[in-house]
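Engineer: Fold the following, please.
(one chain, ligands or ions: 2)
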Amino acid sequence: LFAGAADFIASAPNVPALPPMKGVEIAFAGRSNVGKSSLVNALTGRNTLARTSHTPGRTQQLNFFDIGGRLTLVDMPGYGYAAVEKTKVEAWTDLIHNYLKGRANLARVFMLIDSRHGLKSIDTDVLDGLDKAAVSYQVVLTKGDALKKSEIEARIAKTREALSKRPAAYPEILITSSRDDRGVPELRASVARLLAE
Ligand code: GTP
Ligand code: MG
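Structural biologist: Ligands and ions are numbered 1, 2, ... in the order given. From the prediction side, this is the model:
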């Protein structure tokens with residue numbers, strides 16, 4: 001699946017600009033700078049497919065990528081970035097809500113959480129929204145290269161506990177790194193299982 005073509009489809013700054021639904025769609029969500037765009041690149045093995053940056057707030061629109069004609073990946077703008085103007089935050093929130101609620105072919109949202117920081121209150125707010133709207137999501141811990149093994153285990157245990165009573169959470173938590181590729185094969189397998197369903 002990921003060995004074939006990966007192509008940019010469209011950037012959507014608002015709901016009317018959303019591209020037509022095609023195949024199974026999965027979206028990457030999370031706080032600004034958590035590593036969404038980097039993980040899309042790691043997953044597809046294309047280092048320049050999604051634009052990444054040291055500066056939070058890099059991705060400002062929903063970016064759609066076609067994978068082999070059967071799968072669409074969506075790199076979402078990050079949330080929780082304080083330096084963005086209020087009107088912009090409102091527009092993004094509106095876009096993201098409308099997208100998440102109205103996308104019939106959206107099979108799963110990968111909710112990226114920085115493994116160094118864990119779930120923040122803004123993340124739990126987003127998870128509340130997904131649970132309420134019954135949008136299926138799976139937590140992916142990012143930047144696993146920045147932690148020791150014992151710290152990773154503690155983070156997974158804590159995250160598992162926090163997710164245990166959430167109805168829309170997929171039970172498996174992935175730990176990944178776009179730097180050393182750990183967890184990327186598992187993430188690919190998770191996506192492949194969604195396509196097989
Ligand atoms: P926004 O688009 O602003 O919401 O950010 P994003 O979530 O798309 O993050 P992006 O992929 O642009 O990466 C943000 C920063 O984190 C960059 O400086 C990356 O180099 C760094 N980064 C991404 N993935 C990893 C990782 O696995 N390990 C480490 N150590 N750094 C990472
Ligand atoms: Mg990004």
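Engineer: Residues of the protein that sit close to ligand 2?
Structural biologist: Remark: the part of the chain in contact with ligand 2 comprises Lys36, Ser37, Arg58, Thr59, using C-beta under 5 Å from the ion. Yep, even glycine has a C-beta here, placed from its N, CA and C like the rest.
Engineer: Give the next helix or strand downstream of whatever helix or strand Asp125 lives in.
Structural biologist: Here Asp125 sits within helix 121-133, counting by DSSP states H and E. Per DSSP H and E, the first helix or strand lying C-terminal to helix 121-133 is strand 137-142.
Engineer: what's the most distant pair in the residues of the chain next to ligand 2?
Structural biologist: Within the residues of the chain next to ligand 2, two members stand farthest from each other by C-beta to C-beta: Lys36 and Arg58, at 9.3 Å.
Engineer: Same drill for those two, tell me which one is more crowded.
Structural biologist: Lys36 (29 against 18; other C-beta atoms under 10 Å).
Engineer: List the contacts of the more buried one.
Structural biologist: When contacts are counted by C-beta atoms under 8 Å, 6 or more residues apart in numbering, Lys36 touches Phe28, Ala29, Gly30, Ala50, Thr59, Asp75, Met76, Gly78, Leu112.
Engineer: What pLDDT does the model give it?
Structural biologist: pLDDT for Lys36: 96.
Engineer: Same question for Ala134.
Structural biologist: Looking at Ala134, its pLDDT is 94.
Engineer: where does the chain have low pLDDT?
Structural biologist: Scanning the chain for pLDDT under 70 picks out 82-84.
Engineer: longest strand in it, by residue count?
Structural biologist: As assigned by DSSP state E, the longest strand anywhere in the chain is strand 106-114.
Engineer: Give me the contacts around that one.
Structural biologist: By C-beta under 8 Å, 6+ apart, strand 106-114 touches 24-31, 33-36, 39, 100, 119, 123, 126-127, 130, 135-143, 159, 170, 187, 194, 197.
Engineer: so how far is that strand from its chain's centroid?
Structural biologist: 4 Å (C-alpha atoms, centre = their mean, to the nearest Å).
Engineer: Can you check what angle separates the helix holding Asp125 from strand 137-142?
Structural biologist: 160 degrees (axes from the mean of the first three to the mean of the last three C-alpha atoms, to 10 degrees).
Engineer: Quick one: residues contacting the residue of the chain found nearest ligand 1.
Structural biologist: Going by C-beta to the nearest ligand atom, ligand 1 is nearest to Gly78 of the chain, at 2.4 Å. Counting by C-beta under 8 Å, 6+ apart, Gly78 touches Gly30, Arg31, Ser32, Asn33, Val34, Lys36, Pro56, Gly57, Arg58, Thr59.
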